[in-house]
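Asks: got a structure for you, letters missing:
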């Protein structure tokens, strides 16, 4: 025997509609949702700022070395060693500390003659020895005297002079402040031109970790009884930032 029960027809549409309205009301009333969307649609302006500080360098980096030629590698090395010892002696006499002297290159290489035939490799006609050191000059008043001493001692391979700062940290702080001020001035100009006013700072990003920009100097011809004329000029420390401001 089978028992069948028949339930009355029920209309669920009003219940579903009421439930949906309640969920929407709760969703819209959520403070976190509202705040996130207000931030998403907030009016903003993003600008880049550049700050530069100029100062007189107090340190110089110099590359000095000796290139020697010989019929054999041993002969070229002997000549090079003699001249480099004289260069090191000159450095010591100038009072340059050992920590400020570092070997930057040492090489022994063959020298080849001319090609006589395209299918025959050239012959070795001798050897070349090159030895160079990087030197830090902390007293710039002695720089010209130092360059003269290197040449007199036998150095025949001098690189450019690079002027830098012993401690650029204080200059870097000033450059960063200047970069922020530059960004603020640009943002204010854009905002006022567009009929708005500048609001709070939202994001600050430093574009990169900037390094001091060195000043390069090339050495002129050397006179026997006078120091080499060198001008340090000014060096530059820079900073770049990207700043996002709110608009009111």
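Replies: That came in fine, so what should we check first? Nothing here was measured: the structure is a model prediction, and the numbers come from that model. Residues are numbered from 1 along each chain as shown.
Asks: So which residues of this structure form strands?
Replies: Here the chain has its strands, by DSSP state E, at 44-55, 59-70, 101-112, 124-137, 157-158, 161-164, 198-206, 215-217, 235-247.
Asks: wait, isn't residue 186 in contact with residue 46?
Replies: No: using C-beta atoms under 8 Å, residue 186 makes no contact with residue 46, being 10.2 Å away. (Glycine included, C-beta is placed from N, CA and C.)
Asks: if you count what's nearby, which of the two comes out ahead?
Replies: residue 186 (17 against 14; other C-beta atoms under 10 Å).
Asks: which phi and psi does residue 97 have?
Replies: Phi and psi for residue 97, reported as degrees, to the nearest 10, are phi -70, psi 150.
Asks: State the distance from it to residue 138.
Replies: Remark: distance between residue 97 and residue 138 (C-beta to C-beta, to the nearest Å) = 8 Å.
Asks: and if you look at residue 82?
Replies: Where residue 138 is concerned, residue 82 sits at a distance of 28 Å (C-beta to C-beta).
Asks: Residue 108 too?
Replies: 32 Å.
Asks: cool, residue 58 as well?
Replies: Distance, residue 58 to residue 138, by C-beta to C-beta: 8 Å.
Asks: list residues touching both of these two?
Replies: Listed as contacting both residue 58 and residue 138 by C-beta atoms under 8 Å, 6 or more residues apart in numbering are residue 166.
Asks: Not counting residues beside it along the chain, what's closest to residue 60?
Replies: residue 137 (4.4 Å; C-beta to C-beta, 6 or more residues apart in numbering).
Asks: again with residue 174
Replies: Using C-beta to C-beta, 6+ apart, the closest residue to residue 174 is residue 53 (4.7 Å).
Asks: if I pick the one you found, what's in contact with it?
Replies: Counting by C-beta under 8 Å, 6+ apart, residue 53 makes contact with 171, 174, 175, 178, 236, 237, 238.
Asks: Quick check: the gap between it and residue 165.
Replies: 10 Å.
Asks: now residue 174
Replies: Residue 174 is 12 Å from residue 165, where distance means C-beta to C-beta.
Asks: overlap in contacts of the two?
Replies: Counting by C-beta under 8 Å, 6+ apart, the residues touching both residue 174 and residue 165 are residue 237.
Asks: Can you give me the buried ones in stretch 126-142?
Replies: For stretch 126-142, burial by neighbour count (16 or more other C-beta atoms under 10 Å) applies to 127-137, 140, 142.
Asks: and those, which two are the farthest apart?
Replies: Farthest pair in the buried residues of stretch 126-142 (C-beta to C-beta) is 127 and 140. Separation: 37.7 Å.
Asks: So between residue 174 and residue 165, which is more surrounded?
Replies: Taking other C-beta under 10 Å, residue 174 and residue 165 do not tie; residue 165 has more neighbours (18 against 15).
Asks: Phi, psi for that one please.
Replies: Torsion angles, degrees, to the nearest 10, at residue 165: phi -110, psi 140.
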